[in-house]
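>>> Generate a structure from the sequence data that follows.
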Amino acid sequence: MGMRRPSHVAWISTTRRLTSSVVVTVVGIGADGWAGLTDPARDALARADVVVGGARQLGLLPDEVKAERVEWPSPLLPAIPDFLDTHRGREMCVLASGDPVFYGIGTTLSRFTEVRVLPHPSSASLACARLGWALEDVEIVSAVARPVARLHAVIHPGVRVLVLSENASTPAAVASLLTARGFGDSVMTVLTDVGGPGERVDTGIADGWSAEVGALNLVAVECVASADARRLPRSPGLPDDVYEHDGQITKREIRAVTIAALGPEPGQLLWDIGGGSGSIGIEWMRSHPSCRAIAVEPETDRAARITRNAARLGVPALRVVSGFAPDALADLPEPDAVFVGGGVTVEGVIAAGWAALRPGGRLVVNAVTLESEALVTRWRADLGGELIRLAVSRAAPLGGFTAWRPMLPVTQWTVQKEDT
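Residues are numbered from 1 along each chain as shown. Okay, the predicted model is just below:
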């Protein structure tokens, strides 16, 4: 019978490993430093030949840790394979803030080698313990090396949010964003050096926030909407006027049906060909934090507009490719779903999207003109799928009365690629 691994140790192994097997021990360390470490974590550091971490983390170790201390190179990610090779054969410990697999280096290293994780309570766990919040009910947004604009996607009345800060300026940026969105009455609590001897808590209202805090902090927000706050639900079909656009936008009713046809699932990638305002890619990404999208748009002003819309609606990671399909599609990662909303009749666009799809992937094409509708009908004859026609009218003033104003009808073709 094999030896059981201790219950307090987490092991991560992955088939995506790029470097031959080197077991690295990753030790979570908090603001309380050496005093807060478990005996197994102290023993691992005492046995290590080399300890790797940031300058602040390395500075928390006492002199009794005799290992060579090495700061991570910058930029980190491309340096990891060579770094591991350089220290091959040595017992290596890596220091991480809090829980190494919670937005931490432990998860990153597991892409390259096997890691043994000795966790410390995460800053989120400690913050919720201080505030009496249920961690499982809290939205968590990391602003570490990520835009604060990601916060837009989770701001809703009554929601509690934890923002993992990049530095001392993050709380002010959070306060500014909340106020601009009409959530200036939200209660903000900034916890600095949480868990350490110098722990500090500052509480105030987002509108008018002025507290100066330390660099190692996180922001707890209790969202409170003003009467005129703009609500942005998670469901597809956001109002058209939340988007900056020049008229090239999939209207909200059609957009909701289109997102349903595309069927986003966690972690999946969408190609939005003919991005326009970016509305399809944006609402695909808003459906789940792990969903990804690439918008392909040949017009440079529209491409810039997509980027602004994505940031304003909480998905700044949406990738925009400026170029003409199908040529611009050549080097893109394989998609799980493809939407063609512009350039339907351009030679090779539908063919390229279909060819690139993963098995089981969905292709959705919206046709407005007779020419694009005829093309879609021919493709359906070859590949099958579902063809529907969407006609939407909106009530609008007509003199002293109200009448229906029809929008252009849309023919939508949806087809799924067979699993192989």
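>>> Point out where the stretch 301-420 of the chain drops to low pLDDT.
420 (pLDDT under 70).
>>> What segments of it are helices?
Counting by DSSP state H, counting those that start in this stretch, the stretch 301-420 of the chain has helices at residues 349-356, 370-383.
>>> for those, which one ends up most surrounded?
The highest average neighbour count among the helices of the stretch 301-420 of the chain, using mean count of other C-beta atoms under 10 Å, belongs to helix 349-356 at a mean of 19. For every residue, glycine as well, the C-beta is placed using N, CA and C.
>>> Now tell me what touches it from outside.
For helix 349-356, the external contacting residues (C-beta atoms under 8 Å, 6 or more residues apart in numbering) are 271, 273, 325-326, 329, 332, 334-335, 338, 340, 343-344, 363, 365, 375, 379, 383, 415, 417.
>>> In strands, which of the residues you listed fall?
Among those, DSSP state E puts 271, 273, 338, 340, 363, 365, 415 in strands.
>>> could you measure the nearest residue to Ser277 once chain neighbours are set aside against Arg308, distance?
The spatially closest residue to Ser277, leaving aside those adjacent along the chain, is His245, at 3.8 Å (C-beta to C-beta, 6 or more residues apart in numbering). His245 sits 11 Å away from Arg308, taking C-beta to C-beta, to the nearest Å as the criterion.
>>> quick one, which of those two is more surrounded?
When His245 and Arg308 are compared for neighbours, His245 comes out ahead with 18 against 14, by other C-beta atoms under 10 Å.
>>> residue contacts, the residue nearest to the spatial centre of the chain?
Most central in the chain under C-alpha atoms, centre = their mean is Pro289, positioned 4.8 Å from the mean C-alpha point. Shown in contact with Pro289 (C-beta under 8 Å, 6+ apart): Ala153.
>>> And it, its phi and psi?
In this entry, Pro289 is assigned phi and psi values of phi -60, psi -20 (degrees, to the nearest 10).
>>> do the same with Leu77
phi -60, psi -50.
>>> need the contact list for it.
Contact partners of Leu77, counting by C-beta under 8 Å, 6+ apart, are Thr108.
>>> switch the cut-off to 10 Å
Neighbouring residues of Leu77 by C-beta atoms under 10 Å, 6 or more residues apart in numbering: 108, 111-112.
>>> Ser169 now?
Applying C-beta under 10 Å, 6+ apart, one finds that Ser169 lies in contact with 143, 148, 213, 215.
>>> looking at this, the third one is in a strand?
No. Val213 is assigned coil when assessed by DSSP: H, G, I helix; E, B strand; the rest coil, not a strand.
>>> Dump the helices of the stretch 301-420 of the chain to CSV, plus distance to Asp63.
Conversion of those to CSV gives the following (distance: least, C-beta to C-beta, whole Å):
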stretch, distance to Asp63
helix 349-356, 57
helix 370-383, 69
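>>> Of all those helices, which one is nearest Ala168?
Nearest to Ala168 among those is helix 349-356 (44.3 Å), distances taken as C-beta to C-beta.
>>> Do I have it right that Leu177 meets Val161?
No. Distance between Leu177 and Val161: 11.1 Å, which falls outside the contact criterion (C-beta atoms under 10 Å).
>>> Just the buried ones from the contacts of Ser169?
The neighbour-count test (16 or more other C-beta atoms under 10 Å) marks 143, 148, 213 as buried among these.
>>> and the residue lying closest to the second one once chain neighbours are set aside, how far is that from Glu265?
The shortest distance from Val148 to any residue that is not its chain neighbour, by C-beta to C-beta, 6+ apart, is 4.7 Å, and that residue is Ala173. As judged by C-beta to C-beta, Ala173 and Glu265 stand 32 Å apart.
>>> you'd agree Ser176 is in a strand?
No. Secondary structure of Ser176 (three-state DSSP): helix, not part of a strand.
>>> Run a quick neighbour tally on it.
Neighbouring residues of Ser176 were enumerated by other C-beta under 10 Å; the total is 15.
>>> so who does it touch?
Residues near Ser176 by C-beta under 10 Å, 6+ apart: 148, 184, 206-207, 209.
>>> Most neighbours of all the residues you listed, which one?
The member of these surrounded by the most neighbours (other C-beta under 10 Å) is Ala206, with 26 neighbours in all.
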